[in-house]
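> need coordinates for the below:
(2 chains)
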Amino acid sequence: MKQFIVRRVGYSLLSLFLLSVTIFLFVRVTGDPTTLLVEPGASPEDIENMRHQFGLDQPLWVQYWLFATSFVTGDLGQSFYYRTPVLELYFQRLPNSLQLAAVAMVLSLLIGIPSGILAAVRVGGFWDSAGKTFSLLGLSLPQFWVGLVLILFFSVYLGWLPSSGSGGILHLLMPAFTLGWYFAAAHMRLTRSSMLEVLDSEYVKLARLKGLPEALVIGKHALKNALIPVITLAGINLVVMINVAVVVETVFAWPGIGRLLYEGITFRDFPVVQCVVVLGGSMIIVVNLLVDILYAYIDPRIRLES
Amino acid sequence: MTVTTTPLAAAAASPAARTLKLWRLEGFPLIPVLILLLIAFVAVFADFLAPYDPQIGSLARRFRPPAWEAGGSMAHLLGTDHVGRDVLSRLIFGARVSMVVGLTAVLVAGGIGTLLGILSGYLGGWVDQVIMRVTDAWLALPALTFAIFLAAIVGPSELNIIVILGGVYWTRYARVVRGEVLSLKQREFVRLAVVAGCSKWLIMRRHILPNVLNSAIVLATLMLGVVIVTEASLSFLGVGVPPPKPAWGLMMADGKKGLMVGYWWLTVFPGICIMLMVLSANLLGDWLRVKLDPQLRQL
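Here you go, the predicted structure:
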């Protein structure tokens, strides 16, 4: 187990390293980074100053070292627009993103799990094809399209829900549903396939042979095991949701991390963009690491296999 | 005797006949294919089909509603936008942008991914390690976030978007193709080619590549929808196709401002176009996946 954890942590560190190299190279190779890092309208002396300050006259690997160490020490630069450290901005917005992701996750599980079970129990029936259509739509419709249609219907036409901003639970409903639909489709598909697998297993057949009512077989015996992969996926997806909400947060003007990224783009505030991307990637690598270790802990076959 | 010969005869049917039978199988997504063909047709002949110039409007005719609404006229069938440009003409030229960006980006991603996947799977060793570790690292970033980051660096243009989308999505191809190559490597015909003295490059080109093309094509069809949504999202966020060009995502971003005052046609029509194109690509991809490649059914 120890060996497995060591190796897995090593892989994650390698991934983090490669990610930072990628980002570093993209920033440096695609042009003079000072054009991205200085404020628009800076004088030539300022640019020269900046170049010296960032060590751009040094060899490439020295530059990478400076870049990497500044990240490790938590110095991600300063926002041009807000004139505060980028990390501070990030943590100001994080709670909003968490809130949105949490509500979206609850919605996606409330929709995804029951419809996945229904589809598995009635394979090939009406609920199965309805579920398939629902998940196909969820995975194909662009989020900004879903969001704008919701605004058109619930805010413009019916006037029930606020179209943008943050505040009470009413502000959260539409963005959370828009974000959650895509993931509801994924959760539904996984619940269905995992439920089908479990329903085919010996212990479920035994439960049926014993004469247990079907509702009990499905709701108690089968569901418990079928939900394990779904819960795992949901755990990973919660972190993914925090980091991919940029379109939803833009459409509904929700002040989360995604909105911060969007502002970073529109105000040409490059340190902000870089910060959101680096932290997002790191967060996802760490979650994948935790899930792998947890799985290896639960299931010895995984750690012996590798 | 006749009873036993019938299945034999069926099994011995020529490959051509088998292919023909395959294509005739039920479930062929006729409507999605027709929609895709229609969009492709519109994209190719946009210059002849569009009634107006998509980039020039007249301020005197701004915010005209569609023809069937009160105040609309047949001159602008689907209305006009905030600077008086004809919505229908912009949709028609937008089809060209979506098709060109979507198809070329999928080709770029497929080309890089297939090449690296074959190299990684066939050569193994440190080549495999390097390619797969980079793939893992790149997959950690959500595709849209990664694309936004790249677009923020290189700036928006149609060519840049194609390169960015190709650069973001090749990792998925590399994964799938590598897996296929690993199993192909163990097959008799590849081993025989090695014994016959073929060079590594020849084996990869002549024996491995043709056998992974099937999966690559299926993946490309499925990817088309994803790429189009990403392009539209980038354009919607303002880092995709730059403004005067008529891209569907951009039209929705412009139309969003008019949504609260009731100019619904500016967002609804481009939205329907994106939706139809992506749904069609996904339905076709799903069908191809089941028909051509049983191994990918679990994907």
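> mind listing what B:Ile56 touches?
B:Arg85 (CB atoms under 8 Å, 6 or more residues apart in numbering or on different chains). All C-beta spots, glycine's among them, are computed from the backbone N, C-alpha and C.
> quick one: it is in a strand?
No. B:Ile56: not assigned to a strand; according to DSSP: H, G, I helix; E, B strand; the rest coil it is coil.
> that one and chain A, how far apart?
For B:Ile56, the distance to chain A equals 26 Å [CB to the nearest CB, to the nearest Å].
> so that residue versus B:Glu180, what's the distance?
As judged by CB to CB, to the nearest Å, B:Ile56 and B:Glu180 stand 50 Å apart.
> count the residues that sit near B:Gly258.
Residues lying near B:Gly258 (other CB atoms under 10 Å in any protein chain shown) number 17.
> pretty sure it contacts B:Met252?
No. Using CB atoms under 8 Å as the test, B:Gly258 is too far from B:Met252 to be in contact (10.9 Å).
> which neighbours do these two have in common?
Here B:Gly258 and B:Met252 have B:Leu266, B:Thr267 as joint contacts, going by CB under 8 Å, 6+ apart.
> which element is B:Cys198 on?
Counting by DSSP states H and E, there is no helix or strand that carries B:Cys198.
> mind checking the backbone torsions on it?
As for B:Cys198, its main-chain torsions (degrees, to the nearest 10) stand at phi -70, psi 150.
> for residue 139, the count of nearby residues, please.
Here I'm looking at chain A. Counted with other CB under 10 Å, A:Leu139 comes out at 20.
> oops, chain B please
Neighbour tally, B:Leu139, other CB under 10 Å: 20.
> can stretch A:241-257 be said to contact chain B?
Yes. Contact of stretch A:241-257 with chain B (CB under 8 Å from any CB of the partner chain) involves A:Asn243, A:Val244, A:Val246, A:Val247, A:Thr250, A:Val251.
> next, the distance between the ends of that stretch.
11 Å (CA to CA, to the nearest Å).
> what does the stretch 51-200 of chain A have sitting close to chain B?
So far as CB under 8 Å from any CB goes, the stretch 51-200 of chain A lies against chain B at A:136-137, A:139-145, A:148-149, A:151-152, A:155-156, A:163.
> tell me what the longest helix anywhere in chain A is packed against?
Counting by DSSP state H, the longest helix found in chain A is helix A:86-121. Counting contacts by 3 or more CB pairs under 8 Å, 6 or more residues apart in numbering or on different chains; DSSP states H and E, helix A:86-121 is packed against helix A:126-140, helix A:169-199, helix A:223-244, helix A:246-251, helix A:257-266, helix A:270-298.
> please identify the deepest-packed of those.
helix A:246-251 (a mean of 26; mean count of other CB atoms under 10 Å in any protein chain shown).
> around B:Leu202, how many other residues sit close by?
12.
> now the host helix or strand of it, how far from the centre of its chain.
Element membership of B:Leu202, judged by DSSP H and E, is helix B:200-202. Offset of helix B:200-202 from its chain centre (CA atoms, centre = their mean, to the nearest Å): 30 Å.
> residue contacts, the residue in the stretch 1-150 of chain A positioned nearest to chain B?
Nearest residue of the stretch 1-150 of chain A to chain B (CB to the nearest CB) works out as A:Leu18 at 3.7 Å. A:Leu18 makes contact with B:Arg133, B:Val134, B:Asp136, B:Ala137, B:Trp138, according to CB under 8 Å, 6+ apart.
> so whichever strand or helix holds the second one versus helix A:270-298, what angle?
Following DSSP H and E, one finds B:Val134 within helix B:125-140. Orientation note: helix B:125-140 sits at an angle of 110 degrees relative to helix A:270-298 (axes from the mean of the first three to the mean of the last three CA atoms, to 10 degrees).
> check chain B for the residue nearest chain A and tell me.
For chain B, CB to the nearest CB, closest residue to chain A: B:Ala137, 3.7 Å.
> quick check: chain neighbours aside, which residue is closest to that residue?
Distances taken as CB to CB, 6 or more residues apart in numbering or on different chains place A:Leu18 nearest to B:Ala137, at 3.7 Å, with adjacent residues excluded.
> quick one, phi psi at that neighbour?
Dihedral angles for A:Leu18 - degrees, to the nearest 10 - are phi -60, psi -40.
> from the residues of the stretch 51-200 of chain A next to chain B, which shows the smallest pLDDT?
The member of these with the lowest pLDDT is A:Ser163, at 71.
> tell me which parts of the stretch 101-250 of chain B are close to chain A?
Proximity of the stretch 101-250 of chain B to chain A, by CB under 8 Å from any CB, involves residues B:133-134, B:136-138, B:140-142, B:144-146, B:148-154, B:225, B:229, B:232-233, B:236-239, B:249.
> re the thing from before, what's the helix holding B:Val134 packed up against?
helix A:2-29, helix A:270-298, helix B:87-123, helix B:158-185.
> residues in contact with B:Ile39?
By CB under 8 Å, 6+ apart, the neighbours of B:Ile39 are B:Ala95, B:Ser98, B:Met99, B:Cys273, B:Leu276, B:Met277, B:Ser280.
> per-residue confidence averaged over whichever strand or helix holds it?
In the assignment (DSSP H and E), B:Ile39 maps to helix B:30-44. Averaged across helix B:30-44, pLDDT comes to 86.
> next one: stretch A:3-18
Summarised as a single mean, pLDDT over stretch A:3-18 is 85.
> what about it, distance to the chain center?
The chain centre lies 21 Å from the centre of stretch A:3-18; the measure is CA atoms, centre = their mean.
> do the same with stretch A:128-138
22 Å.
> swap in stretch A:66-83?
Per CA atoms, centre = their mean, the centroid offset for stretch A:66-83 relative to its chain is 23 Å.
> returning to that earlier point: the helix holding B:Ile39 relative to helix B:87-123, how many degrees between them?
Using the same axes, to 10 degrees: helix B:30-44 against helix B:87-123 is 110 degrees.
> next, the buried residues of helix B:30-44.
If you call a residue buried by 16 or more other CB atoms under 10 Å in any protein chain shown, then helix B:30-44 has these buried ones: B:Pro32, B:Ile35, B:Leu36, B:Ile39, B:Val42, B:Ala43.
> so what's the residue lying closest to the second one once chain neighbours are set aside up against?
I take that to be B:Ile35. With sequence-adjacent residues excluded and distances taken as CB to CB, 6+ apart, B:Ile35 is closest to B:Ser280, at 4.4 Å. Each residue near B:Ser280 by CB under 8 Å, 6+ apart is listed here: B:Pro29, B:Ile31, B:Pro32, B:Val33, B:Ile35, B:Leu36, B:Ile39.
> what's the answer for B:Ile31, then?
Shown in contact with B:Ile31 (CB under 8 Å, 6+ apart): B:Ser280.
> quick one: it from B:Asp53, how far?
From B:Ile31 to B:Asp53 the distance is 32 Å (CB to CB).
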